[in-house]
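Visitor: need coordinates for the following:
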Amino acid sequence: MSKLQQRQNEIITKIAAAAFKQPLLSSGFLFHQDVRDNFYYASYLFAASQEDAILFEGDRGQAKIKAEGILLHLLEIQDQNENSGTYGHWPLNLRPTPQEAPKNTLPVELMGCLMVYFYQRYSDVLSESVRSAFDKALLHIYRSDFYRKPSEHYNHHEAKYTAAKLIFGQLYEDKALLEDGYQCLLSTLNRVTSIGMSEYGGLPWFWHWVQAFTCAWELIKETQIKATLAQLLDYLWSVRSTYYLGGAWVGPHSRIWPHDMPMDLNVLHDYVQFGDFSLPDEMPRTEYAGFLAYEASSEVRSAALHRSVPVEVKCRVPQQAIVAISEENILHSYVFITENFAIGGMWERVLEFDNEQHRWDVTLPLYTVDGVNHAYFFQPGQRFTEGDLRHQSEYSEVLFHRNALIANYQIPKDQPEKIIGCLPVGDWIEESNGLYGLCGDVFLAVHVQQPYQREVHADRLVVISKGRTNSVVVECIDKIAAHNIGIEDVRQFANVMKQKQPVYTQSNVEELQVTYTTLSEDTMVLGSGPDGEITRLVNGIAVDFTSYTVA
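Guide: Numbering: from 1, shown residues only. The predicted structure follows:
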């Protein structure tokens, strides 16, 4: 058994134990908030009841009965009325009751393909009633045609449609559907390798790509299609390894959920693939990481796991919902990655889905600090709610250069005149003009232009600074590099960095220029004028995007 399979079995063991222990609700389900969690937990519990390689301390017979009961309830609430507008679909949330809950187009997109995988893996040991229910449900999914849509935007929805065409085309010997799926697969592979993925760092969307195409790769028998699926999965894992740092996802994100930021918790696929951190107790996105896995090449794994040489990753990213790509709708992502931290983000502000663009941050490897592993600031925008450190406004400009960044905020009068920061737990020194900390193996200097207040929480620091014009300058250095310039502790670091204050030049409220000289004596200048023109200089040279390439 490979280490990858061992880690998969560890996930199944843990989730199966939780599913066995958790009492059923009166409806017969484990969860009402998301129908898919019932399928995932029941799948893991059933696997533990059948496979000796999976450690399970409960009664395997009772585990099978419980798992099959949940699966039967799940299959029974599919819309199986061929004349219905939601034919083949399930509810997403099971309220007010599973039978009354409105059907939703999302669950079947991913769950439908995974059901085929589960059925083919365990059909021989399923009870007759469950096997028959699966037969009917899968046929209704196939006949529903939800996946018969063209590839236009190459997003996570279309990725799942393509996988479904392949899987259901093979399952029901529909040669036309299988061929349609293959052509969509080829166009998807060509699109992402030549232009890039629009859903940059889009969690959980990226994992939906991985799961859908890994599921297809596991099931498809035709050699040529399977080889193409492998090419696409090689690309996806290459992207993941590029932005990987000890279980964390570095760089900007087009979408984040509370379990993606400010702490990486959606990590099970990373755990299976890389295994360089401990399996967490909290697993908010279990999905099918315990079943589906495509082992990345040794080169891709090595790139993710060995960061001794710092790298600058400069990538071009096509905007979402754009069919015809031109230079006007290309974004530019910058990340500086070392073995102990990463820093960077997206140069351009874009209004992404649900206003969830995460523009920039400092990322630390997961579990090298107690609690959150991202540091960032933002001005609250639409959809922002107190306590949820997401949903940024458009009123910011950024400058990235290796281990330092500048972020300027010029906030209109009709907007909240504050910025919010999130910092990891560590040994922090608070001064009037900034914070200086040691978090894990990394020293962080955070210069804040306006006065601020710091709130200390068990797993993070929250910083609030008010003012219509504001700026944050961040510089990072790890312990080894700090030692080489005579810095041994956080007090010495603070004393050095207090002498390196940014210079703020402001003639009026519309104009702000920040100049900062880094520990490496590089001079960074970020300025904005009344006409909206942005100045970004490093050592007197304007930022140049011509060297940026497709990820």
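Visitor: just give the nearest non-adjacent residue to Ser238, would you?
Guide: Closest residue in space to Ser238, ignoring its immediate chain neighbours: Val300 at 5.3 Å, by CB to CB, 6 or more residues apart in numbering. Bear in mind the C-beta positions are built from the backbone N, C-alpha and C, glycine included.
Visitor: before we move on, what SS does the one you found have?
Guide: helix (DSSP: H, G, I helix; E, B strand; the rest coil).
Visitor: distance of it from Gln22?
Guide: Taking CB to CB, to the nearest Å as the measure, Val300 falls 36 Å from Gln22.
Visitor: compare neighbour counts for the two and give me the winner.
Guide: Neighbours per residue (other CB atoms under 10 Å) separate Val300 from Gln22, with Val300 holding more: 22 against 13.
Visitor: check contacts around the more buried one.
Guide: Applying CB atoms under 8 Å, 6 or more residues apart in numbering, we find Val300 in contact with 234, 237-238, 241.
Visitor: one more pass at 7 Å, please.
Guide: Taking CB atoms under 7 Å, 6 or more residues apart in numbering, we find Val300 in contact with 237-238, 241.
Visitor: check what pLDDT it gets.
Guide: On pLDDT, Val300 comes in at 98.
Visitor: go on, the one 3 residues further on?
Guide: Per-residue confidence for Ala303 comes out at a pLDDT of 96.
Visitor: same check on Pro102?
Guide: On pLDDT, Pro102 comes in at 97.
Visitor: residues in contact with it?
Guide: By CB under 7 Å, 6+ apart, the residues touching Pro102 are Pro91.
Visitor: can you give me the distance of it to Gln50?
Guide: Pro102 is 34 Å from Gln50, by CB to CB.
Visitor: strands of the stretch 151-300 of the chain, start to end?
Guide: Counting by DSSP state E, counting those that start in this stretch, the stretch 151-300 of the chain has strands at residues 244-245, 248-249.
Visitor: so for the first one, mean pLDDT?
Guide: With pLDDT averaged residue by residue, strand 244-245 scores 98.
Visitor: for stretch 443-457, same thing?
Guide: Mean pLDDT, stretch 443-457: 97.
Visitor: how long is it end to end?
Guide: Chord length of stretch 443-457, first to last residue, is 20 Å (CA to CA, to the nearest Å).
Visitor: cool, stretch 396-415 as well?
Guide: With CA to CA as the measure, stretch 396-415 spans 13 Å from end to end.
Visitor: so how far is that stretch off the chain centroid?
Guide: Distance of stretch 396-415 from the chain centroid (CA atoms, centre = their mean, to the nearest Å) equals 23 Å.
Visitor: which other residues reach that stretch?
Guide: Contacts of stretch 396-415 (CB under 7 Å, 6+ apart): 312, 334, 336, 343-345, 347, 349, 359-360, 377, 379, 393, 395, 417, 419, 468-477, 512, 514, 516, 518, 522, 524, 526, 528, 534, 536, 538.
Visitor: same thing with stretch 161-171?
Guide: For stretch 161-171, the external contacting residues (CB under 7 Å, 6+ apart) are 112-113, 116, 141-142, 147, 149, 151, 177-178, 180-182, 184-185, 188, 212-213, 215-216, 219-221, 225.
Visitor: again with stretch 317-335
Guide: Stretch 317-335 is contacted from outside by 152-153, 155, 195-196, 198-200, 243, 250-252, 254, 313-316, 342, 344-348, 350, 352, 400, 545, 548, using CB under 7 Å, 6+ apart.
Visitor: any of the contacts of Val300 buried? List them.
Guide: Among these, those scoring as buried are 237-238, 241 (criterion: 16 or more other CB atoms under 10 Å).
Visitor: would a markdown table of the residues you listed with pLDDT be doable?
Guide: Output for the buried ones among the contacts of Val300, formatted as a markdown table (pLDDT from 0 to 100):
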| residue | pLDDT |
| --- | --- |
| Trp237 | 98 |
| Ser238 | 98 |
| Ser241 | 98 |
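Visitor: which of these fall in helices?
Guide: Secondary structure from DSSP state H places 237-238, 241 of the buried ones among the contacts of Val300 in helices.
Visitor: ok, so of these, who is nearest Leu461?
Guide: Comparing these against Leu461 with CB to CB places Ser241 closest, at 30.3 Å.
Visitor: in the chain, which helix or strand is least confident?
Guide: Lowest by mean pLDDT, DSSP states H and E among the helices and strands of the chain is strand 503-508, with a mean of 86.
Visitor: show me which residues of that strand are buried.
Guide: Residues Tyr504 are the ones in strand 503-508 that count as buried (16+ other CB under 10 Å).
Visitor: residue contacts, Val448?
Guide: Neighbour list for Val448: 434, 465, 472 [criterion: CB under 7 Å, 6+ apart].
Visitor: which elements pack onto the stretch of helix or strand Ile477 belongs to?
Guide: Assignment of secondary structure by DSSP states H and E places Ile477 within strand 469-478. If you count contacts as 3 or more CB pairs under 7 Å, 6 or more residues apart in numbering; DSSP states H and E, strand 469-478 packs onto strand 404-410, strand 442-448, strand 511-517.
Visitor: tell me the first helix or strand C-terminal of it.
Guide: Moving toward the C-terminus from strand 469-478, the next helix or strand (DSSP H and E) is helix 479-484.
Visitor: show me the contact partners of that following helix.
Guide: 441, 443, 493.
Visitor: same check, this time on stretch 61-79
Guide: 20, 28-30, 35, 38-39, 42, 45-46, 48-49, 56, 86-91, 98-99, 103, 127, 129-130, 133-134, 137, 140.
Visitor: please, which helix or strand holds Asn9?
Guide: Going by DSSP H and E, Asn9 is in helix 3-21.
Visitor: relative to helix 3-21, how tilted is whichever helix or strand comes after that helix?
Guide: With elements assigned by DSSP H and E, the helix or strand that comes after helix 3-21 is helix 35-50. Calculated by axes from the mean of the first three to the mean of the last three CA atoms, to 10 degrees, helix 35-50 forms an angle of 110 degrees with helix 3-21.
Visitor: quick one: contacts of helix 35-50?
Guide: 12-13, 15-16, 19-20, 29-31, 54, 56, 60, 63-64, 66-68, 70-71, 74, 90-92, 94, 107, 111, 118, 122, 125, 286-288, 290.
Visitor: and the helix or strand following it, what's buried?
Guide: Using DSSP H and E, the helix or strand that directly follows helix 35-50 along the chain is helix 60-76. Neighbour counts over helix 60-76 (16+ other CB under 10 Å) mark 60, 63-64, 66-68, 70-75 as buried.
Visitor: given the helix or strand just after helix 60-76, what are its sheet partners and their directions?
Guide: Using DSSP H and E, the helix or strand that follows helix 60-76 in sequence is strand 90-91. Paired strands of strand 90-91, with direction, are strand 103-104 (antiparallel) (DSSP bridges).
Visitor: need the residues that contact the partner strand.
Guide: With CB under 7 Å, 6+ apart as the test, strand 103-104 has contacts from 79, 86, 89-92.
Visitor: list the buried residues for stretch 138-154?
Guide: 138, 140-142, 144, 146-147, 151, 153-154.
Visitor: okay if I get those residues as TSV plus pLDDT and distance to Leu405?
Guide: As requested, the buried residues of stretch 138-154 are exported to TSV (pLDDT from 0 to 100; distance: CB to CB, whole Å):
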residue	pLDDT	distance to Leu405
Leu138	98	50
His140	98	52
Ile141	98	47
Tyr142	98	50
Ser144	97	48
Phe146	96	43
Tyr147	97	42
Ser151	93	36
His153	92	31
Tyr154	94	30
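Visitor: so where's the stretch 301-450 of the chain uncertain?
Guide: For the stretch 301-450 of the chain, the stretches with pLDDT under 70 are 322-325.
Visitor: so where do the strands sit in it?
Guide: Per DSSP E, counting those that start in this stretch, the stretch 301-450 of the chain carries strands over the ranges 311-318, 330-337, 342-346, 360-363, 374-378, 397-401, 404-410, 418-423, 427-431, 434-439, 442-448.
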